[in-house]
Each structure stands twice: as structure tokens, then as C-alpha cells.
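Asker: coordinates only, sequence not included:
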């Protein structure tokens, strides 16, 4: 790996950084390179919308972390030189991924010959293979003079949208979302994240969509029961007393269009294999924080999981619904914002097209209500908050009024 070219590409191109961030290790970098890399990571963390690093701002930010004046000047000059370096980010990314693939491939072959464990190396190798280089993107989104009539009749035809329930939420999304969109649900524990997820899944079933639910938080039997409650309209006790009726009612409402899969906790490659096997219209990830992203830093692992979820949405042209926690700041709070996302109030929001916060104060809880808020909504631009009625025993979320 040519350190200068990698650092220069990441400074000049956010997409290059996003693609290879997970594959750059400290052992690959010199001491100076590690300082610059840390500065680039912090820069993009502070501003998820930044398309590249401003060299003067980056240089000053790094200089503030350095004590000796001569070192401050050295890093300012180094950043300026890296920014001015003539590089091809797409080719640098491709070269780095190819180098990593060959290295891990050799390690995997050696492990097989020595009869040593290969599971971790195989996961690493498959993950590199699954990562798309910048110049490998589908040209579908490259358009010039595209027919406005075709644009409206395909991408924005209401009949081609996927409706998101409850209906009061769908209304604020201008009738639904398109394949490739990533929705993030976040709330405090016991607030009703799974309940809202079940409401959405029941809506997907009504539309005849195939939904793949990946669960790594609760036992699958519990999730299955909650899904049956929602689809059959029967609570747990009623299901236990009349399972045949519950089965019949659930199937009438799309029970067979939902695939439930438990993982402990689940790797990117395992989920990719499931997506390729079942080809779902909708992928539900419950929860992001438990996925094994092979990162020692919890914040980075969460952000990598969110980034991977968005890549699945685009690569496989499906809607992805991810579930994650809200932090202590959301306790007894009705209207949530991006800052309430637990451990990652910048990196996770950056990977969402729509964020749905679920909150409540004591009065809402007593009245069987929750408040849904839209701190991020690239679909319609609506950032309203609104109350909904909940029926926990049926995992049901309904519009109020």
C-alpha cells in the first residue's frame, strides 16, 4: 500500500474514504501517517456531508494535537502536499482492495494447508470481495437528458413506492420510499422499537413484499409470536388457546411473505449470503449495535454497521430498515433528534435516508401513546413530529384521530 496515495485519495474524496476506511489498519501506516489518518477520520465524523477535506482546516486541526512548533509546521506542509498530489482515487481504492485480497488469500491458503482455523480469514476475504470499488458502481444512476416523463412514471409513480406504516408516517414520506432507501428507527429500551418494526412489517406483508428480518437481540420464538399477534389481531393468550385460528388469520395477512432469521450476532458476510439467497424487497436489521463488524472501537463498529446497511440497500435495490438504541438524553423525552442516537449521533445519521425517533413522556405512556419524530428525512423533507396510539399486546401502532 502506498501510504501517500491512500491518504491523498481519502483527503480529496469522501467516497474513497468511506470505501476503504474499514480496511486501513494502523500497522499499515507510519507514525506520521497514523496522525494524518486520525485527523481525516475526525474531520469526516464532524461533518457527514463533507465531500472532501479542506487542507487548511485539516492541517490546523492536526496541528492543535501536536506540541512542538516544528512538528505543527511539518504536518501543515504534509497535508498541503497530500492535497496537491495528483492521484486517481478510484484506482488507489482498487489497488488497496486488491492488495488486501491477495494478502488475506495467502493467509487463508496457508491456514488451510496447516489445518488451522480459517473462519475469521474466510470472513475477511469474503468481505473484501463484497466491497465495491469506486469505479465498479453500476451506471444506472448516471443520467443525462433523462426523460422527465419517464422519471415521474418510474421513480416517482405512487404505485412503485413502498408504503411505510403507520399511515401517519407514510403521509409524511410523501406516500412511501423507493428501493435503495435506508430507514433507521431509534428509541430508548422498552419504548417500542420492535413494536414499530412489526407494524412496518405487517404493512410490507399487505403489499405482497418479501421481507427478511434479521434478529440478534431477542429469541426468534418471541419475535415470531409478536409477528403473529400483529398479523392475526390476537394477543399471546388468545394465540396459545387457539393456535390454528391464529395461524389461519396470520396467513391471510401475509405471514408467509416474512422470513425470520436469528443470528448471534451476525456478520456482514452472513447477511450478504442471506440477501443473495432470499432476494428480499425489504431487509430489517434488529439491531445494528449487535452486528459483528470486527472493530474494537464501539462507535466505529456502529457506524460501520450503518454504512454497511446503506450499501446493502443500494447494491441489492431493497429497502433496509435498521433498528438501534437512543442514548440517555432521550429518557422521558417525546421528540427525539439526531443527537439522541446512542454512541453515534453523527456517523449513524449520515448513513440514513430517513430517521424515525420514537419517544414518550410520562403522560404519553399513561395514555398508550408514543411520539414519532423525523430528524432526518431526505425522502420528503418533512421533519414534523406526531403522536400515535399503541397496542403493545398486539404489537400495533396506529395513527391518532
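Answerer: It's in. Keep in mind it's a predicted model, so treat the numbers as computed, not measured. Numbering: from 1, shown residues only.

Asker: Please verify my assumption that residue 112 contacts residue 118.
Answerer: Yes. Counting by C-beta atoms under 8 Å, residue 112 does reach residue 118; the two are 5.9 Å apart. C-beta: built from backbone N, CA, C; applies to glycine.

Asker: between these two, who's got more neighbours?
Answerer: The neighbour comparison of residue 112 against residue 118 (other C-beta atoms under 10 Å) goes to residue 118, with 16 against 12.

Asker: Does the residue nearest to that one when sequence neighbours are not counted belong to a helix, a strand or coil?
Answerer: Once flanking residues are discounted, residue 118 sits nearest to residue 111: 4.8 Å by C-beta to C-beta, 6 or more residues apart in numbering. Put simply, residue 111 is helix when judged by DSSP: H, G, I helix; E, B strand; the rest coil.

Asker: show me where the stretch 51-200 of the chain has strands.
Answerer: Applying DSSP state E, counting those that start in this stretch to the stretch 51-200 of the chain gives strands spanning 182-187.

Asker: Where does pLDDT dip in it?
Answerer: 120, 123, 126-127, 129-143, 154-155 (pLDDT under 70).

Asker: For it, which segments count as helices?
Answerer: Remark: helices assigned in the stretch 51-200 of the chain by DSSP state H, counting those that start in this stretch are 55-63, 69-84, 89-113, 119-130, 148-154, 167-171, 193-206.

Asker: Of all those helices, which one comes closest to residue 350?
Answerer: Residue 350 lies closest, by C-beta to C-beta, to one member of the helices of the stretch 51-200 of the chain: helix 55-63, at 18.2 Å.

Asker: What are the contacting residues of that closest one?
Answerer: The contact list for helix 55-63 (C-beta atoms under 8 Å, 6 or more residues apart in numbering) reads 11, 35-36, 39-40, 42-43, 72, 75-76, 79-80, 82-83.

Asker: at 10 Å instead, please
Answerer: With contact meaning C-beta atoms under 10 Å, 6 or more residues apart in numbering, helix 55-63 is reached by 11-12, 35-36, 38-40, 42-43, 46-47, 50, 52-54, 69, 71-84.

Asker: got the buried residues for that helix?
Answerer: In terms of neighbour count (16 or more other C-beta atoms under 10 Å), helix 55-63 has its buried residues at 55, 58, 59, 61, 62, 63.

Asker: Closest to residue 366 out of the residues you listed?
Answerer: Nearest to residue 366 among these is residue 61, at 47.9 Å by C-beta to C-beta.

Asker: Let me see the domain layout of this structure.
Answerer: Residue ranges for the domains of the chain, per automatic domain parsing: 3-136, 154-399.

Asker: Of all the residues in stretch 16-35, which ones are buried?
Answerer: Buried residues in stretch 16-35 (16+ other C-beta under 10 Å): 16-24, 28-29, 33, 35.

Asker: which of those residues sit farthest apart?
Answerer: 19 and 35 (21.9 Å).

Asker: ok, back up a step: pipe the buried residues of helix 55-63 into JSON lines and attach distance to residue 399 per row.
Answerer: Below are those laid out as JSON lines (distance: C-beta to C-beta, whole Å):
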{"residue": "55", "distance to residue 399": "50"}
{"residue": "58", "distance to residue 399": "47"}
{"residue": "59", "distance to residue 399": "52"}
{"residue": "61", "distance to residue 399": "46"}
{"residue": "62", "distance to residue 399": "51"}
{"residue": "63", "distance to residue 399": "54"}
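
Asker: Perfect, I'm done here.
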